[in-house]
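Asks: this one's structure only:
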């Protein structure tokens, strides 16, 4: 997923309402999946009446939904119940009623799944950054495979797909190499964390178990330094609203960026001195100014207060220099598995022209370049294109070129000029490729199209268009980039008809 429209996968605490709920009629009233609680124990109504807010129902959970909620059926309506697990029978209170679905709050587990566990994070339910900590890891992996299958059943009309076993992590904790945490005050004390879903209440996530331990230590210490120096937090001129910390996994070096409300940042010299003394791993302390109220974390202006302008990171044999605003994958260990799957799907011999349609800072294109004749990356964000070109130079890769623009425009231009790619790779945002790019791909007809997706629903919808247009689905490889969350990435190989 390229950074110009990338969601904060695995960090956002918003549980969506399930507006795309499944209205399947597989379960009839009176079945285990939709039975009312017996009279005297609840407010359940007769089969002829609709459920209302506050009604108590019993539901058998069939699967896990795209936001990590349990999904079952009650009176022919899908029911979304956060905290429930596939295979469980649960009691729940209806909290929202829509024409095609219900939302409900888990009140009791009648039949417990053997995959249920106590979440290790003490603020798991309040934070919302993770959705699956109550499920043992093997159950999380099974649920994510089923998310892909369900998406293709529903949006692509395919009950059977060539799905490979998901690539999970040996240690699914402490993997995130970057944190962007809001700063605030609670009862006069500084806190850093995420906003509780649907509110402006800040949940302190000090010691978050999915963050790299170095990140947790850094954020905690920077927060305390700001408080000790009486530097404003959250509000006021020059106040620090967000603390961003990123670590290079190979070296444990750290880059810290303070997002402030204005250029003015009080006591900069004392701040730099304290950070250097108490956090020897920090090699960059930067300030980014974002005076606006938009949900975007970073503003346009970044100043390095002390240290190196870039954090040096590696990915396989590649080296990258990361400025404070530069995008980089949050889970490098799983990124290698993801990119290896992309390379397998591309099946390059050294003679191919490859187009990377959402190249970002060039990581996928540079991963493939040693195996290709030529790589052409396309990206909408100018800074990302500059980063990609610099990364190519620093890695001595001369056969990769990066272009500013939209893939749906440049790809047809190149085809008209006689440059027809053998392989196209697309790693789009959650919204998918878009109709115009899909038409451009069908017109260019690369022998192999490699789709890297972070959203099974849009993946399946886009694949349906490509399959109807002449491509064949060869295999799908899910990769668990964000354990403990409901997110799943998937690499898909599609080949033009007639290709072996």
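Replies: Alright, I've got the coordinates. Not measured: the values here are computed from a predicted model.

Asks: For the longest strand along the chain, which residues meet the burial criterion?
Replies: As assigned by DSSP state E, the longest strand anywhere in the chain is strand 101-111. Buried positions in strand 101-111, judged by neighbour count with 16 or more other CB atoms under 10 Å: 101-104, 106, 109. (Glycine included, C-beta is placed from N, CA and C.)

Asks: Which elements pack onto it?
Replies: Counting by 3 or more CB pairs under 8 Å, 6 or more residues apart in numbering; DSSP states H and E, the packing neighbours recorded for strand 101-111 are strand 56-64, strand 77-81, strand 89-97.

Asks: Which strands border the second one, and is each parallel or antiparallel?
Replies: I take that to be strand 77-81. strand 70-74 (antiparallel), strand 101-111 (parallel) (DSSP bridges).

Asks: Looks like residue 257 contacts residue 288 (just checking).
Replies: Yes - counting by CB atoms under 8 Å, residue 288 is a contact partner of residue 257 at 5.5 Å.

Asks: joint contacts of those two?
Replies: 244, 302, 324 (CB atoms under 8 Å, 6 or more residues apart in numbering).

Asks: does the last one count as helix, strand or coil?
Replies: Taken by DSSP: H, G, I helix; E, B strand; the rest coil, the conformation at residue 324 corresponds to coil.

Asks: ok, now residue 221?
Replies: Residue 221 falls in the helix class when you classify it by three-state DSSP.

Asks: With the one 3 residues further on instead?
Replies: Secondary structure assignment for residue 224 (three-state DSSP): helix.

Asks: what's the neighbour count on it?
Replies: Residues within reach of residue 224, counting by other CB atoms under 10 Å, total 13.

Asks: wait, what's in contact with it?
Replies: residue 190.

Asks: at 10 Å instead, please
Replies: Residue 224 sits next to 190, 274, 278 when contact means CB atoms under 10 Å, 6 or more residues apart in numbering.

Asks: Report all helices and strands that the helix or strand containing residue 275 contacts.
Replies: Under DSSP states H and E, the secondary-structure element containing residue 275 is helix 268-278. Contacts defined by 3 or more CB pairs under 10 Å, 6 or more residues apart in numbering; DSSP states H and E place helix 268-278 against helix 213-228, strand 254-260, strand 282-289, strand 301-307.

Asks: Of the ones you listed, which is nearest residue 485?
Replies: Of all those, it is helix 213-228 that lies closest to residue 485, at 16.4 Å by CB to CB.

Asks: how about the closest one: buried residues?
Replies: 214-223, 225-226.

Asks: sorry, back to before: which of the contacts of residue 224 are buried?
Replies: 190, 274.

Asks: Of the contacts of residue 224, which is the nearest to residue 119?
Replies: Once CB to CB is applied, the member of those that ends up nearest residue 119 is residue 190, at 25.3 Å.

Asks: before we move on, back to that, how big is the angle separating the helix holding residue 275 from strand 282-289?
Replies: For helix 268-278 against strand 282-289, the angle between stretch directions is 150 degrees (axes from the mean of the first three to the mean of the last three CA atoms, to 10 degrees).

Asks: Work out the gap between helix 268-278 and the centre of the chain.
Replies: 33 Å (CA atoms, centre = their mean, to the nearest Å).

Asks: Mind checking the pLDDT average for it?
Replies: If you average the pLDDT over helix 268-278, you get 96.

Asks: cool, and stretch 418-432?
Replies: Confidence over stretch 418-432, taken as the mean pLDDT, stands at 95.

Asks: Tell me which helix or strand the residue nearest to residue 124 when sequence neighbours are not counted sits in.
Replies: Spatially, and ignoring its direct neighbours in sequence, residue 124 is nearest to residue 133 (5.0 Å; CB to CB, 6 or more residues apart in numbering). Under DSSP H and E, no helix or strand contains residue 133.

Asks: Start the count at 33 instead of 1 going forward.
Replies: Will do, 33 is the new start, and the previous item becomes residue 165.

Asks: And residue 165, how far from residue 152?
Replies: Separation of residue 165 from residue 152 (CB to CB, to the nearest Å) stands at 7 Å.

Asks: what is in contact with the two at once?
Replies: 205, 241-242, 516.

Asks: With distance to residue 95 added, can I get those residues in JSON lines?
Replies: JSON lines is the format used below for these (distance: CB to CB, whole Å):
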{"residue": "205", "distance to residue 95": "25"}
{"residue": "241", "distance to residue 95": "26"}
{"residue": "242", "distance to residue 95": "23"}
{"residue": "516", "distance to residue 95": "18"}
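
Asks: Those residues, buried ones only, as a ChimeraX selection?
Replies: Here is the ChimeraX selection string for the buried members of the shared contacts of residue 165 and residue 152, based on 16+ other CB under 10 Å:
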select :205,241,242,516
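
Asks: that older thread, hang on, the residue nearest to residue 156 packs against residue 240?
Replies: No - applying CB atoms under 10 Å as the test, residue 165 and residue 240 come out as separate, 11.1 Å apart.

Asks: joint contacts of the two?
Replies: 153, 159, 205.

Asks: Filter these down to the ones in helices?
Replies: residue 159 (DSSP state H).

Asks: Hmm, which of the shared contacts of residue 165 and residue 240 is lowest in pLDDT?
Replies: When the shared contacts of residue 165 and residue 240 are compared by pLDDT, residue 159 scores lowest at 89.

Asks: on that earlier part again, output the contacts of residue 256 as a markdown table; include the columns distance to residue 444.
Replies: As requested, those are exported to a markdown table (distance: CB to CB, whole Å):
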| residue | distance to residue 444 |
| --- | --- |
| 222 | 53 |
| 306 | 55 |
| 310 | 55 |
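
Asks: and which of the buried residues of helix 245-260 is nearest to residue 119?
Replies: residue 248 (34.0 Å).

Asks: Run through the stretch 383-532 of the chain and note the low-pLDDT ranges.
Replies: Within the stretch 383-532 of the chain, the segments meeting pLDDT under 70 span 532.

Asks: how about a cut-off of 90?
Replies: Low-confidence segments of the stretch 383-532 of the chain, defined by pLDDT under 90: 413-416, 419, 529-532.

Asks: can you map out the strands along it?
Replies: 385-388, 406-411, 432-436, 455-458, 480-485, 503-511, 521-528 (DSSP state E, counting those that start in this stretch).

Asks: I'd like those as CSV, with mean neighbour count appended.
Replies: CSV is the format used below for these (neighbours: other CB atoms under 10 Å):
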stretch, mean neighbour count
strand 385-388, 26
strand 406-411, 26
strand 432-436, 19
strand 455-458, 25
strand 480-485, 26
strand 503-511, 20
strand 521-528, 24
